[in-house]
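Enquirer: Quick one, structure for this:
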Amino acid sequence: MTDQPDLRHGESRSVDNSSSVVVDLREYKQSKDPLPVTFHRRELDAILWIYGRMVGEGEWRDYAIDHLKDRAVFSVFKRSGEMPFFRIEKNPKLAAKQGAYSVINVNGMILKRGHELNHVLKVFDKALKLVDK
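Expert: The predicted structure follows:
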């Protein structure tokens, strides 16, 4: 038997706090494994509105969302199993420079980059064309 009291009957035991350290669990988790970059609700609403329009026009068929350590990526596919047709990326490290948002095509070329997602998504707006009959 040990000389520690039996705690099953509501007894308390004094603890030597000289070696105890209180750690904020949120700070500990963030220091060990930083949270991934994510799209916020309004950002997803804007992206999914464009996605829905393009699906309705028969241009796009599938999508994937990746939340990575350094950026969030919304990938658009014409067919699942292919390379992404477009990628809409959010990279907070570029926010003070060229802008956190960018649209990248299948070849890796940046089509548009900026500080506001709605302006970057205008790359998907179709211009009206004059058609002769």
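Enquirer: mind listing the strands for the protein?
Expert: With strands called from DSSP state E, the chain shows them at 62-67, 72-77, 86-90, 101-105, 110-114.
Enquirer: any idea which of these is most buried?
Expert: Greatest average neighbour count among the strands of the chain goes to strand 86-90 (a mean of 23), per mean count of other CB atoms under 10 Å. C-beta coordinates here come from the backbone N, C-alpha and C atoms, glycine included.
Enquirer: need the strands of the chain in a markdown table with distance to Val123 and mean pLDDT, can you?
Expert: As requested, the strands of the chain are exported to a markdown table (distance: least, CB to CB, whole Å; pLDDT from 0 to 100):
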| stretch | distance to Val123 | mean pLDDT |
| --- | --- | --- |
| strand 62-67 | 16 | 93 |
| strand 72-77 | 12 | 95 |
| strand 86-90 | 9 | 95 |
| strand 101-105 | 5 | 94 |
| strand 110-114 | 4 | 94 |
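Enquirer: can you put those in TSV and add distance to Ile47?
Expert: Shown next, in TSV, are the strands of the chain (distance: least, CB to CB, whole Å):
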stretch	distance to Ile47
strand 62-67	9
strand 72-77	5
strand 86-90	6
strand 101-105	10
strand 110-114	14
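Enquirer: Excluding sequence neighbours, find me the nearest residue to His115.
Expert: Gly99 (4.1 Å; CB to CB, 6 or more residues apart in numbering).
Enquirer: Can you give me the buried ones in stretch 23-42?
Expert: By 16 or more other CB atoms under 10 Å, the buried positions in stretch 23-42 come out as 37, 39.
Enquirer: contact partners of stretch 116-127?
Expert: Residues outside stretch 116-127 that contact it (CB atoms under 8 Å, 6 or more residues apart in numbering) are 43, 46-47, 50, 53-54, 88, 90, 99, 101-103, 111-114.
Enquirer: What residues sit buried inside it?
Expert: Residues of stretch 116-127 classed as buried: 117, 120-121, 123-124 (neighbour count, 16+ other CB under 10 Å).
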